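J.: mind folding the following:
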Amino acid sequence: MDKNTIIGILLIGVIFIGYSYYNTSKMDKAYDKEISLADSLYTVKDYDKAILAYRKAASFKPRETYARKQIDEINRIMGVKQTIQPDSTPASEPKATIPVKSAPSQNLDSSAAISQYGIFSSAVNGKADFVTIENDLVRLKISNKGGRIYSAELKQYHTYDTMPLILFNGDSTVFGFQFFTGDNHPIRTNDLYFTPLTNQKHIIVKDQPVSLRMRLEVEKDKYIEYVYTLKPDNYMLDFDMNLEGMRNILAQNLSALDLSWEMYMPQQERGRKNEDYYVGYKFKYYQDEVDGSRDRSTKEVEEDDIITKIRWMAFKDQFFSSVLIMDDPALNAWVRYEKMPEDSKYLRQFKAKLSLPYSGDESSSYKMHFYFGPNNYKLLKKYDLGLENLVSLGRNIIRWINEYVIINLFNWLGRYIGNYGLIILVLTLIIKMVLFPLTFKSYISQAKMKVLKPQVDQINAKFPKKEDAMKKQQATMALYKRVGVSPMGGCLPMLLQMPILFAMFRFFPTSIELRQQSFLWATDLSTYDSILKLPFMIPMYGDHVSLFTLLMTVSTILTMKINSPSQSSGQIPGMQGMMYIMPVMFMVILNNYSAGLTYYYFLANLITFGQNMIAKQFINDEEILKKLEASKKKPVKKSKWQQRLEDAAKARGVKPPKR
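T.: Sure thing, here's the model as predicted:
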C-alpha cells in the first residue's frame, strides 16, 4: 500500500470512531429522556403509557435492566405474572428462560375472582383443553384458555432436522383483547376460559369450509365469541370476533379495543445466521405501502409506534410468516421484536398491540383473517393484499427485476425441469446469453485499451516526474479522444449488468422453491453446503467449508487473471493485490449463504470464461489497431456543448486553443 492508501484507511477509522461516539451519546440522551417520562407516568399510575415509555427506553439500551424491572413491576401491579415456558425445549438442548404472560391462578375462590374480574369472574377458573382444526395444508390447535390459536403447523413442510414445522407453539403465545368493564375491572381475554360450541376435538376440513366457535359468556345472551373458519386447501383462516349484548358491560367511554399479539419464533433452518437476516415484522398502512423492520438488521431490539391506520401485521421468518389481516383497519399499532440468545431455539420474541375501533353498539362484529403459510411470491400475490412484500426481493430496480423477470422465468423453467440445480444452470445460461451483447462490447473495449497500451507507455515515459501527472493524464485522454476510445467503455457494460447480480443475491436466499432441494453434495440449496465441519469457529467465516463458495472464489480469481493479463508498470500501487483480495472477502462473507446463490455465481464465472474464449476468436488485435490508427486521421468531431463554448469564447474575443 502507498502512503495515500494508509492515510485513507486511518481517516475511515477516525470517522467510524467519531460516529460511534456520536451515536452512543445520542442514544444516552434518548434513553434518559424516555426514562424520565416513564418514571413520571409511573408516579401518577398511568401504567399503560408508562409501559410503552419503558419499552421505548429499553430499545435504546437493551442491556440496561432498569426499564425491564419497571415493566415487571407494572405487570405485577396489574395482575400479570411472569413464568417460564414449559416443556417446549428438548432435553438435549439448553433451555432458554422465556418470560411469558400466564393465566391467573386457577385456584381463585369466588370472592377473589369477583373482586378481580367482576362480571367475568365465572371464566377465571378452568381446565386447559384443545380443539384441533386442519385441512391438507395447516393444522391449528385452538386452546379454550383465551380461545386463541395455541399452535400452527404447516403440514407440507418440515424443519431442517425433519421435525414438524410449527410456526409457534405453547403457553408463550398471547392473543387477546384488553379493555375495562363498566365497573372498572381490567380484563384480558387471553387469561379467561372460552367454551367451544362443539363436542368434536378434531375437525378435518375436506370439501367445504368448517367453522369453530369459541364463546366467552358472561350472562345469558351476553358474550364475546371467536369464530374460526378454515377452507379446504388454503393457508388463510377467517377469524370473526363478535360482541353480543356487551354495550352495558364494557366501559362507556371506550372508543377502541386493544388487541395484544405475542409469539416466540423458533429456528426452522440449518443456517441460523442466514435465517436470522430475514426475521422481522412487516405491516401495511391502510391504502398505502408496506413498512416494517429492516432485513439484515443488527439491532437487538427494534420497534415501531404506528400512529395511522394499518391493514395487516406480520411476523415473518426467512420462508414463513404469521399474518393478522383486518377488513376494517386498526386505528393505530405498536410492534416490537427482541433477538433471542444464540443458544436459544428461538430467533425472536414478537409483541404487537393494535387498537380496533369500538362503537359501543349492542352488537359488534370484527372480521379478520390469519395467514399461516410460506413466503411464496406467486401465492401471496393472489390475495391482492400486498402480502407479496413479505418476500425479501430487494428494493427499486432490484425488486422490479426479481418480480417481473427472474421469478417468472424461474417458475416457467420449473414446469419443465424437475431438478432445481438444473433449473439454476438453465437460468444462468439464459441470463448470460441475454447479457452477452453488453459483455461483448466490454471485450471490444478491453481489446482497444490493450492495443493502445504501448502508446500509453510511451506517454508515461515522456512524463516520468510526479509534478507532470496532470500533463500525462491530459496527453493520455487526448490519445483516447483522437482514436475514439472511451476509458469507461469496458466499465459501463459491466455496470449495466450489476442490477442482475444484486437481484440474484436477493432472490436465491429467499426463494422457498429451493428450500430443502438437494443438488450434488448440497442437501439444501436454500442454505449453505458443507463438505467439511471445522472443530472451531472462524469469525465471519463460520465452522464449516462450503465447496460451492470455494469454487466460486477460485473461478472468480482465474477469470480476473485471464481478463487482465497485462498490467502496466505504472499501475496504482496495491491495486492488483486488491483485485484478488475482493474474491477472498466474498468467500468469507458468502460461506454461510445459500448454496443456490454461490452455485449461480460459480456457473456465471464459468460461462463468462467460455464467452471470453469465444470472443477472442472474433477479435483481431491487428484489425482493431488499424481502425484506431485510421480514426486518428479523421478530424475530431466537436460536441454541441464544446461548439457552444467556443462560440461564446469567440464572442468575448478569446481565441480557442490550438490542437
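J.: and stretch 458-476, what's buried?
T.: For stretch 458-476, burial by neighbour count (16 or more other C-beta atoms under 10 Å) applies to 459, 463, 472, 475-476. C-beta: built from backbone N, CA, C; applies to glycine.
J.: what about those residues, which are in helices?
T.: Counting by DSSP state H, the buried residues of stretch 458-476 place 459, 472, 475-476 in helices.
J.: point to the residue nearest the middle of this protein.
T.: The centre of the chain sits closest to Asp295, judged by C-alpha atoms, centre = their mean, with a distance of 3.1 Å.
J.: ok, and the closest non-adjacent residue to it?
T.: Ser392 (5.0 Å; C-beta to C-beta, 6 or more residues apart in numbering).
J.: give me the pLDDT for that neighbour.
T.: Per-residue pLDDT puts Ser392 at 89.
J.: secondary structure of it: a strand, I assume?
T.: No: the assignment for Ser392, made by DSSP: H, G, I helix; E, B strand; the rest coil, is coil rather than a strand.
J.: and it, how many neighbours?
T.: Using other C-beta atoms under 10 Å, Ser392 has 21 other residues around it.
J.: need the contact list for it.
T.: By C-beta atoms under 8 Å, 6 or more residues apart in numbering, the contact set of Ser392 is 278, 295, 506, 509-510.
J.: look up how far Arg515 lies from it.
T.: From Ser392 across to Arg515, the span is 14 Å (C-beta to C-beta, to the nearest Å).
J.: same check on Asp529?
T.: Distance from Asp529 to Arg515, by C-beta to C-beta: 14 Å.
J.: can you give me the helices in the stretch 101-250 of the chain?
T.: Ranges of helices in the stretch 101-250 of the chain, per DSSP state H, counting those that start in this stretch, are 110-117.
J.: sort out which of the contacts of Ser392 are buried, if you could.
T.: With burial judged by 16+ other C-beta under 10 Å, the buried subset of these is 278, 295, 506, 509-510.
J.: circling back to that earlier point, please look at the residue nearest to the centre of the chain and Tyr281 and confirm they touch.
T.: No: using C-beta atoms under 8 Å, Asp295 makes no contact with Tyr281, being 11.4 Å away.
J.: burial of Thr229, as a residue count?
T.: Number of residues near Thr229 (other C-beta under 10 Å) recorded here: 17.
J.: so it bridges to which residues?
T.: Ser211, Asp238 (DSSP bridges).
J.: might you report the residue contacts of it?
T.: For Thr229, the contacting residues are 209-212, 237-240, by C-beta under 8 Å, 6+ apart.
J.: among those, name the buried ones.
T.: The buried subset of these - by 16+ other C-beta under 10 Å - is 210, 212, 237-240.
J.: between these, which is nearest Leu606?
T.: Leu237 (46.7 Å; C-beta to C-beta).
J.: any idea how far Glu134 is from that closest one?
T.: Counting by C-beta to C-beta, the gap from Leu237 to Glu134 is 11 Å.
J.: where does pLDDT dip in the stretch 51-200 of the chain?
T.: Applying pLDDT under 70 to the stretch 51-200 of the chain flags the ranges 59-60, 62-63, 78-110, 113.
J.: switch the cut-off to 90
T.: For the stretch 51-200 of the chain, the stretches with pLDDT under 90 are 51-128, 160-163, 169-173, 179-187, 191.
J.: for it, which segments count as strands?
T.: For the stretch 51-200 of the chain, strands defined by DSSP state E, counting those that start in this stretch occupy the ranges 82-84, 99-101, 130-134, 138-143, 149-158, 164-169, 174-180, 186-188, 195-196.
J.: what of the stretch 351-500 of the chain?
T.: Remark: strands assigned in the stretch 351-500 of the chain by DSSP E, counting those that start in this stretch are 363-374.
J.: list the contacts for Thr523?
T.: So Thr523 contacts 516, 529 (C-beta under 8 Å, 6+ apart).
J.: cool, Leu603 as well?
T.: Counting by C-beta under 8 Å, 6+ apart, Leu603 has contacts 424-425, 428.
J.: so which of those residues sit within helices?
T.: Cross-referencing the contacts of Leu603 against helices under DSSP H gives 424-425, 428.
J.: looking at those residues, which is nearest Tyr66?
T.: Checking the ones in helices among the contacts of Leu603 against Tyr66 by C-beta to C-beta gives Ile424 as the nearest, at 51.6 Å.
J.: residues touching that closest one, list them.
T.: Shown in contact with Ile424 (C-beta under 8 Å, 6+ apart): 519, 525, 596, 599-600, 603.
J.: from Leu606, how far out is Ile187?
T.: Distance, Ile187 to Leu606, using C-beta to C-beta: 65 Å.
J.: swap that for Lys49, please
T.: Taken as C-beta to C-beta, the span from Lys49 to Leu606 is 61 Å.
J.: counting contacts, what elements does the helix or strand where Phe507 lies pack onto?
T.: Assigned by DSSP states H and E, Phe507 falls within helix 491-510. Contacts defined by 3 or more C-beta pairs under 8 Å, 6 or more residues apart in numbering; DSSP states H and E place helix 491-510 against helix 396-401, helix 420-462, helix 595-618.
J.: how about these, which one is nearest Lys299?
T.: helix 396-401 (22.7 Å).
J.: now do that closest one: distance to the chain's middle.
T.: The chain centre lies 15 Å from the centre of helix 396-401; the measure is C-alpha atoms, centre = their mean, to the nearest Å.
J.: check stretch 531-551 too.
T.: Worked out by C-alpha atoms, centre = their mean, stretch 531-551 lies 24 Å from the chain centre.
J.: for that stretch, buried residues please.
T.: Residues of stretch 531-551 classed as buried by neighbour count (16+ other C-beta under 10 Å): 541-542, 544-549, 551.
J.: stretch 328-344 too?
T.: In stretch 328-344, counting by 16+ other C-beta under 10 Å, buried: 329-331, 333-340, 344.
J.: and what of stretch 188-204?
T.: Within stretch 188-204, the residues that count as buried by 16+ other C-beta under 10 Å are 188-196, 203.
J.: got it, and stretch 252-270?
T.: Buried-residue list, stretch 252-270, by 16+ other C-beta under 10 Å: 254, 257-270.
J.: tell me the one among these nearest to Lys351.
T.: Comparing these against Lys351 with C-beta to C-beta places Glu262 closest, at 4.8 Å.
J.: burial of the closest residue to the closest one other than its chain neighbours, as a residue count?
T.: Distances taken as C-beta to C-beta, 6+ apart put Val174 closest to Glu262, at 3.8 Å, once the chain neighbours are dropped. If you count neighbours by other C-beta under 10 Å, Val174 ends up with 19.
J.: measure Val174 to Ser260 for me?
T.: Taking C-beta to C-beta, one finds Val174 at 6 Å from Ser260.
J.: any residues in contact with both of these two?
T.: When contacts are counted by C-beta under 8 Å, 6+ apart, Val174 and Ser260 are jointly contacted by Asn190.
J.: by mean pLDDT, flag the weakest helix or strand of this structure.
T.: Within the chain, no helix or strand scores below strand 82-84, which has a mean of 34 by mean pLDDT, DSSP states H and E.
J.: any idea which helix or strand carries Thr559?
T.: Assigned by DSSP H and E, Thr559 belongs to helix 547-563.
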